[in-house]
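[1] Based on what follows, work out the 3D shape:
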Amino acid sequence: MRRELLDYDASADLAVRQIGGRETDGLRVSQMTFAARPGVRRAAYRVGPIGKGPFPCVLFVHWYEPESHDSNRTQFLDEAKALAKRGVMSLLVEAAWSDREWFLKRTQDDDFEASVEIVVEIRRAMDLLLADSEADASRFVYVGHDFGAMYGVVAGSVDPRPMGYVLMAGTPRFSDWFLYYPPLEGDEREAFIEQMKELDPVERVGSLSPAPILFQFGESDPHVPVPRAEDFFRSAEQPKDVAWYPVGHALNDEARAARIDWLVGRLGLDSG
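    Here you go, the predicted structure:
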């Protein structure tokens, strides 16, 4: 795999613009935009305790579900607030798929290049989080759902900064999603699958080790059937854990509670 494929200019100005924020219940929520890559700005929430760090930190990257109200950077907002009360600072970033029509607008001719650009955006989000003077870069975990999980694996395969991952309802291959629409047949389909293979999470998840991974899957997920999920988990190296829930792609409150418990342990927080 070509590591240089996912290179970017880490010295480029993040050009952060603070939009505003508020303090309540002992935590601070602020909004900002930043230069995610040349010509593209993304919005983000920063959620953290009021006080002086450094704080352990989490980067959250949301799912894509255009019928859901939280198919955007608000998905993990309540979760980040709960963690802030435990002393954690989080960054919740807008992704390309925050646009509800993103999947319909994309084309298979562009999927490979667009995927590379998304990985660069995630690495830039890591830069933004860890550039914060209150961030403890030695205690940094990545959490992603759906595409957020998949692209997080690709980013982590070339960027060792996260010291742990929570991967929620990710599928092992990009073609699992991108062949939903538009459909391809025969040689054209096989050529697309082969093109995307270089980026596929199942090909890269093993390189996240020794960072521990928590996989979370729904037993009745129509997009990530059990055999695909098992393939993904099997391809990861130790240390790793997997948790199954009797729900679909959105997962549930039980998964959320387990995720917070895992983060508390991994970030070395007081379990009380």
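
[2] Residue 111: what's it in contact with?
    Residues near residue 111 by CB atoms under 8 Å, 6 or more residues apart in numbering: 174, 178, 192, 196. All C-beta atoms are positioned from the backbone trio N, CA, C, and that covers glycine.

[3] That one and residue 221, how far apart?
    22 Å (CB to CB, to the nearest Å).

[4] Residue 23 too?
    According to CB to CB, residue 23 stands 38 Å off from residue 221.

[5] The two: which has the busier surroundings?
    Applying other CB atoms under 10 Å to residue 23 and residue 221 shows that residue 221 carries more neighbours, namely 21 against 10.

[6] Was I right to think that one contacts residue 229?
    Yes: here residue 221 reaches residue 229: they are 7.4 Å apart, a contact under CB atoms under 8 Å.

[7] okay, how far is it across stretch 31-43, tip to tip?
    With CA to CA, to the nearest Å as the measure, stretch 31-43 spans 7 Å from end to end.

[8] can you give me the strands for this protein?
    Remark: strands assigned in the chain by DSSP state E are 17-24, 27-37, 40-49, 55-61, 89-93, 135-145, 165-168, 213-218, 240-245.

[9] Which single helix of this protein contains the most residues?
    In the chain, taking DSSP state H as the definition, the longest helix is helix 111-130.

[10] what's the angle from it to strand 135-145?
    Orientation of helix 111-130 against strand 135-145 (axes from the mean of the first three to the mean of the last three CA atoms, to 10 degrees) gives an angle of 140 degrees.

[11] Would you indicate which residues of helix 111-130 are buried?
    111-112, 115-129 (16 or more other CB atoms under 10 Å).

[12] Now that helix: average pLDDT?
    Across helix 111-130, the average pLDDT comes to 98.

[13] again with stretch 207-220
    Across stretch 207-220, pLDDT averages out at 98.

[14] from the middle of its chain, how far away would it be?
    Chain-centre distance of stretch 207-220: 12 Å, with CA atoms, centre = their mean, to the nearest Å.

[15] Low-confidence bits of this structure, can you list those?
    Low-confidence segments of the chain (pLDDT under 70): 1, 271-272.

[16] What's the separation between residue 35 and residue 43?
    Going from residue 35 to residue 43 by CB to CB gives 12 Å.

[17] How about the contacts made by residue 29?
    Residue 29 is in contact with 21, 22, 23, 45, 46, 47, 77, 81, counting by CB under 8 Å, 6+ apart.

[18] Pretty sure the fourth one sits against residue 94.
    What it means is residue 45. No: applying CB under 8 Å, one finds residue 45 not in contact with residue 94, separated by 9.2 Å.

[19] The nearest residue to residue 209 once chain neighbours are set aside: how many residues sit nearby?
    Using CB to CB, 6 or more residues apart in numbering and skipping residues adjacent in sequence, the residue nearest residue 209 is residue 237, 3.6 Å away. When counting by other CB under 10 Å, one arrives at 13 neighbours for residue 237.
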